[in-house]
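> Below are the sequence and a predicted model for it; my questions follow.
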Amino acid sequence: MMRKRVLLDTGTLVALLKKQDKFHKWAVGETATIEKPLLTCEAVIAEACYLLRNTQGGHESILKLLNQSSLRIYFQLTSEVENVLELMTRYQSVPMSLADACLVRMAEQLEDSQVFTLDSDFLIYRIKRNQPISIIYPL
């Protein structure tokens, strides 16, 4: 059964596109079990483009995924600023990045979603104040 409503985090996006990444094979294998499009936010796209800036074809590959509808920007920060700020304040000791806050908010909005991540902070974050987030994470 294919996974649906999967929210893509920065590290996993980088691992998918960078063959030298130690999680590349894992990320590619997991992606084969996910129904497209993967959902994300502009903060993840910006972070991944930055991290892949020295990788040949890095940011072009990200934009191509968007253009092919394999990846879709689901989140509109302008309508969620207060919620995102509240999350970043609540988790300031972690600290929580803008991209992570957007993904947590997306997980709150999309029931039965999973966050596809390499970031152990998603084991700490909670949706609706006290519910663990369902994640796809390497063991």
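Okay, I see it.
> tell me which element Glu86 falls in.
Element membership of Glu86, judged by DSSP states H and E, is helix 81-90.
> Give the other helices and strands that that helix contacts.
helix 98-109 (3 or more C-beta pairs under 8 Å, 6 or more residues apart in numbering; DSSP states H and E). (Each C-beta comes from the backbone N, C-alpha and C, glycine too.)
> need the contact list for Leu8.
Leu8 is in contact with 38-40, 44, 71, 116, counting by C-beta atoms under 8 Å, 6 or more residues apart in numbering.
> Pull up the per-residue confidence for it.
What the model reports as pLDDT for Leu8 is 98.
> how far away is it from Gln20?
Using C-beta to C-beta, to the nearest Å, we find Leu8 at a distance of 20 Å from Gln20.
> Other residues contacting the lowest-mean-pLDDT helix or strand in the chain?
Sorting the helices and strands of the chain by mean pLDDT, DSSP states H and E puts helix 58-67 at the bottom, at a mean of 93. Contacts with helix 58-67, where a contact means C-beta under 8 Å, 6+ apart, come from 13, 17-18, 45, 48-49, 51-53, 71-73.
> following that helix, which helix or strand comes up?
Taking DSSP H and E, what comes next after helix 58-67 is strand 71-73.
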